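Chemist: when you get a sec, could you give me coordinates for this:
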Amino acid sequence: MTEQALLLVNLGSPASPEVTDVRRYLNQFLMDPYVIDLPWPLRRLLVTLILLTRPKASAHAYASIWWPEGSPLAVLSQRLQRAVQSHWEQGPVFLAMRYGEPSIAQKLQQIAQQGISQVVIAPLYPQFADSTTTTVLTEVQRVLVQHRLPLSISTLPAFYDQPAYLDALATQVQPYLEQGFDHLLMSYHGLPERHIHKADPSGQHCLTNTDCCQQAQGAVLAQCYRAQCYRTSQGLAQRLELMPERWSVSFQSRLGRAKWIAPYTEERLQALAAQGVKKLLVICPAFVSDCLETLEEIGVRAREQFLAAGGEDLQLIPCLNDHPQWAMALAQLCQQQAVPFNL
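Modeler: Okay, the predicted model is just below:
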């Protein structure tokens, strides 16, 4: 049987929580045109202004959640890589980061040098967005062309509604529900509304009414991050047998003054506390590995906000990380759902 490598790709992390490393990482991340979708001169100007102050604040945040082994996202991604390897019999499993190290270019060249010609690329993002999935695949294409790598590529599509993923997510959440709770908040990474509008292939559906995401189907659903987030939430709530009033959806991590998709997590925290919710559980299903946005933004800052608003306890449910059921599910999805990638 022909050997087939599996390349897991996560977002990435600074090399350390030092300001210089954080600045380098943020520059690469924010200069990606799929992240800040402005013409290069405007993007360069905006990022330059952001880098005057943000690296210091971000470095402090990273330092507060940094592990002795390194970045939580990097460490947990490595653990997932090892866990998936035990279920991937077709060949070796590699790990790359879209930003930072190890890079996609490094890993694809390493695979080619080992004489492997077939590769499955698995962007570790359950829901599709240009700023996550598309930028990974664009970088894969750039590397293949620039280095003339003789690789046959397949890719794992967004798996937001795949039963194996949702089952693993439900298994992760269930023990926390059994401890008693008032409400489960599913907080997803946000996107500027303009990203959602641009992804609407019909040009006539996106954000036209309050129920547009619930009505999305076909090509619209395939491109709509917000609609896919709601599908994930509904699938999880059904598996957990949650009544509608016991769970809700929000979006976090806003940057800049542009309008981002709503409802905003910080506003939802205030509203839940005002409604009398005392014990709040929060899970972040847009991430498969815990990172700055989960451990610090939700586990620290959101918790402080909720308690200040009158809540009594906010507990962050860990991401899937290297949970055994998730590792097995991911290997199965990559084997069964991967589709050819054409340059």
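Chemist: where's residue 250, which helix or strand?
Modeler: Using DSSP states H and E, residue 250 sits within strand 247-252.
Chemist: my error: substitute residue 63 in the last question.
Modeler: Residue 63 belongs to helix 40-65 when assigned by DSSP H and E.
Chemist: so what secondary structure elements neighbour that helix?
Modeler: helix 19-30 (3 or more C-beta pairs under 8 Å, 6 or more residues apart in numbering; DSSP states H and E). Any C-beta I mention is one placed from the backbone N, CA and C, and that applies to glycine too.
Chemist: could you redo the last one with a cut-off of 10 Å?
Modeler: helix 19-30, helix 72-85 (3 or more C-beta pairs under 10 Å, 6 or more residues apart in numbering; DSSP states H and E).
Chemist: how about residues contacting the helix-or-strand element of the chain with minimal mean pLDDT?
Modeler: When the helices and strands of the chain are scored by mean pLDDT, DSSP states H and E, helix 212-215 comes last with a mean of 82. Helix 212-215 is contacted from outside by 196, 200, 205-209, 220-221, 224-231, 234, 249, 261, using C-beta atoms under 10 Å, 6 or more residues apart in numbering.
Chemist: from the chain's centre, how far out does that helix sit?
Modeler: Relative to its chain's centre, helix 212-215 lies at 21 Å (C-alpha atoms, centre = their mean, to the nearest Å).
Chemist: the longest strand belonging to the chain: how far from the chain's middle?
Modeler: Counting residues, the longest strand found in the chain (DSSP state E) is strand 4-12. Here the centre of strand 4-12 is set off from its chain's centre by 14 Å, with C-alpha atoms, centre = their mean.
Chemist: what is the burial count for residue 301?
Modeler: Residues near residue 301, counting by other C-beta atoms under 10 Å, number 13.
Chemist: swap that for residue 152, please
Modeler: Other residues close to residue 152 by other C-beta under 10 Å number 13.
Chemist: tell me which residues touch it, please.
Modeler: By C-beta under 10 Å, 6+ apart, the residues touching residue 152 are 2, 4, 116-120, 340-341.
Chemist: now tabulate those in JSON lines and tack on pLDDT.
Modeler: What follows is these, written out as JSON lines (pLDDT from 0 to 100):
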{"residue": "2", "pLDDT": "77"}
{"residue": "4", "pLDDT": "97"}
{"residue": "116", "pLDDT": "97"}
{"residue": "117", "pLDDT": "95"}
{"residue": "118", "pLDDT": "97"}
{"residue": "119", "pLDDT": "98"}
{"residue": "120", "pLDDT": "98"}
{"residue": "340", "pLDDT": "95"}
{"residue": "341", "pLDDT": "92"}
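Chemist: wait, residue 105 sits on residue 140?
Modeler: Yes: between residue 105 and residue 140 there is a contact under C-beta atoms under 10 Å: 9.3 Å.
Chemist: neighbour count for the two, which is higher?
Modeler: Neighbour count, other C-beta under 10 Å: between residue 105 and residue 140, residue 140 has more, with 26 against 17.
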